[in-house]
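Engineer: got a predicted model here, sequence first, then my questions.
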Amino acid sequence: MRTNTATRRRQETRGALVAARAIHASHRVHERLNSWQTVYNGSIRLAVGPIILNNVANRKEQRGSPANLALPADPLQPRLAAMLGCGAGDCSAVRRLILLASILAFPVLSAATLSAADKATQAIGPDQLLLRDYRPRSIFHVPATRVERARFPAIDVHSHAYAKTEAEVDRWVATMDAVGIAKSVIMTGAAGKKFDDLLRLYRRHPERFEVWCGLDYTGFDQPGFGPNAIGELERCVRAGAVGVGELSDKGGGLCGNAGGMHLDDARMDPLLEKCADLGLAVNIHAGEDRWMYEPMDATNDGLMNASKWRIRQAPGILSHDEVIATLDRAVAKHPRTTFIACHFANCCFDLARLGRMLDAHPNFYTDIGARFGETAPIPRAMAKFYRAYQDRLLYGTDMGMDAEMYRTTFRILETEDEHFYAMDLFNYHWPLHGFGLPDAVLKKVYADNARRMLHPARRTAP
Ligand SMILES: [Zn+2]
């Protein structure tokens, strides 16, 4: 319900904003009325129109801020004045009379302008509507299933330290109870004190959270890098780390995207081997999904997110194919190490590519986190893929800790619902469809696979 409430609240805020602006605008109109003719010929509506359009276009920048309801200086004031043929402070006695009359008429007029304003968000012509303002609603009378809880207790292998305080951690556990998440893997990506602090926080519920560490890349270009990084990794494991992640290489390298050291780099070899020794699975984010590499133009299928997550091609930044190839080579080079490529290895656009990697490497898994919006447009291909690789896919979210977020993921996996939208969650403008996965597949993806492979036996003590 929280998302629905949030959506409603946002709509109300949006409505209030538009309404407030309409009142503001009509006040200005009243201040500047030149003649009744202006009212009769409908100039008020004409004048208010552009303001609303303009404000809707600016809404994105203002959204989520308390300033939403404040009325900034109106940049269109001079335009309005010009349209109404009256400059500021030049009201004659006749005009004052007209003003008085217009004030008396204000409730009627404001009602007219308000209702026009209320409709404004829907009333924008298709030739003026911006893609970012597109909010379609399904009109189909087809089954819409609400899934309160995961069909089987689930392990979320892709989560992060969203809860920052003990109270927030406790609330998160209550949400997990409500929706059927047995355990969440908190990938801190951190070493040192930051890791220790997060470990302490999430230790409140050791049965419900496991905490993974990152790798310490300090001095990755210096000779002592390997031993130092291994020393810190062993320390994290002694403290309580049970996995490594989320490592990330969006093409520029593992070190904050600047180092140029990729997963298959020889400098990573001792670290990845040590992960095998210590029984630590490694979660790695390689590249981004393909939309983010495509031209940012009218042909880009996923433009709404692609424009924000885009990978700029620049010297030293690997292409999608190249960065996936580093992953492929690293997994082949370290067969004792368990790898989880998160987000379907960012290969949603070409599941056959991912399938080939899964076929080639038994030590290779993938999590489905944060790729529900990207995969729900192709439900039949996805259902086939889930069936084919049911032993290698791991449930994950990577999208916060809201109950409705979890429920939307369950709806996509479990139901055969068609043509529904979850734009607040995924920000894609396309409709979603459920995969209708069978129980046997769901059970594995939700938890059995994770339980089986997350903690391979340790070969050495940390
Ligand atoms: Zn993540």
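Structural biologist: Thanks, I have it. Residues are numbered from 1 along each chain as shown.
Engineer: and the nearest residue to residue 154 once chain neighbours are set aside, what is it in contact with?
Structural biologist: Leaving aside its sequence neighbours, residue 154 sits nearest to residue 446 (Cβ to Cβ, 6 or more residues apart in numbering; 4.1 Å). No exception for glycine: its C-beta is placed from N, CA and C like everyone else's. The contact partners of residue 446, by Cβ atoms under 8 Å, 6 or more residues apart in numbering, come to 150-155, 395.
Engineer: pull the most distant pair out of those residues.
Structural biologist: With Cβ to Cβ as the measure, no two of these lie farther apart than 151 and 155, at 13.7 Å.
Engineer: between these two, which has more neighbouring residues?
Structural biologist: residue 155 (23 against 15; other Cβ atoms under 10 Å).
Engineer: doesn't that one lie inside a strand?
Structural biologist: Yes: according to DSSP: H, G, I helix; E, B strand; the rest coil, residue 155 belongs to a strand.
Engineer: mind checking pLDDT for it?
Structural biologist: In the predicted model, residue 155 carries a pLDDT score of 98.
Engineer: show me the contacts for the nearest residue to it once chain neighbours are set aside.
Structural biologist: Spatially, and ignoring its direct neighbours in sequence, residue 155 is nearest to residue 450 (4.2 Å; Cβ to Cβ, 6+ apart). Contacts for residue 450 (Cβ under 8 Å, 6+ apart) come out as 155, 157, 394-395.
Engineer: and with 6 Å instead?
Structural biologist: By Cβ atoms under 6 Å, 6 or more residues apart in numbering, residue 450 lies in contact with 155, 157, 394.
Engineer: ok, of these, which one's closest to the ion?
Structural biologist: Of all the contacts of residue 450, the ion sits closest to residue 157, with 10.2 Å by Cβ to the ion.
Engineer: and the closest one, how far is that from residue 194?
Structural biologist: From residue 157 over to residue 194 the distance is 21 Å, taken as Cβ to Cβ, to the nearest Å.
Engineer: comparing these two, which residue is more hemmed in?
Structural biologist: Per other Cβ under 10 Å, whichever of residue 157 and residue 194 has more neighbours is residue 157, with 31 against 14.
Engineer: so the more buried one makes contact with residue 184?
Structural biologist: No: applying Cβ atoms under 6 Å as the test, residue 157 and residue 184 come out as separate, 8.4 Å apart.
Engineer: contacts only, for the closest residue to the ion within the stretch 101-250 of the chain.
Structural biologist: Proximity of the stretch 101-250 of the chain to the ion (Cβ to the ion) peaks at residue 246, 4.8 Å away. Residue 246 makes contact with 187, 189, 283, 285, according to Cβ under 6 Å, 6+ apart.
Engineer: re the thing from before, filter the contacts of residue 450 down to the ones near the ion?
Structural biologist: Taking Cβ under 5 Å from the ion as the test, the ion is in contact with none of the contacts of residue 450.
Engineer: burial check on residue 458, number of neighbours?
Structural biologist: Count around residue 458 with other Cβ under 10 Å applied: 13.
Engineer: my guess is it contacts residue 280, does it?
Structural biologist: No: the criterion here is Cβ under 6 Å, and residue 458 misses it with residue 280 at 8.7 Å.
Engineer: strands of the stretch 151-300 of the chain, start to end?
Structural biologist: Listed in chain order, the strands of the stretch 151-300 of the chain (DSSP state E, counting those that start in this stretch) span 154-159, 181-187, 209-212, 244-249, 282-286.
Engineer: is the longest one anywhere near the ion?
Structural biologist: So the one you mean is strand 181-187. No: using Cβ under 5 Å from the ion, strand 181-187 never reaches the ion; the gap is at least 6.2 Å.
Engineer: which residue sits closest to residue 329, ignoring its sequence neighbours?
Structural biologist: Using Cβ to Cβ, 6+ apart, the closest residue to residue 329 is residue 264 (4.1 Å).
Engineer: I figured the one you found hits residue 326, correct?
Structural biologist: Yes: taking Cβ under 6 Å as the definition, residue 264 is a contact partner of residue 326 at 4.6 Å.
Engineer: just for the protein, where's the confidence low?
Structural biologist: 1-122, 257-258 (pLDDT under 70).
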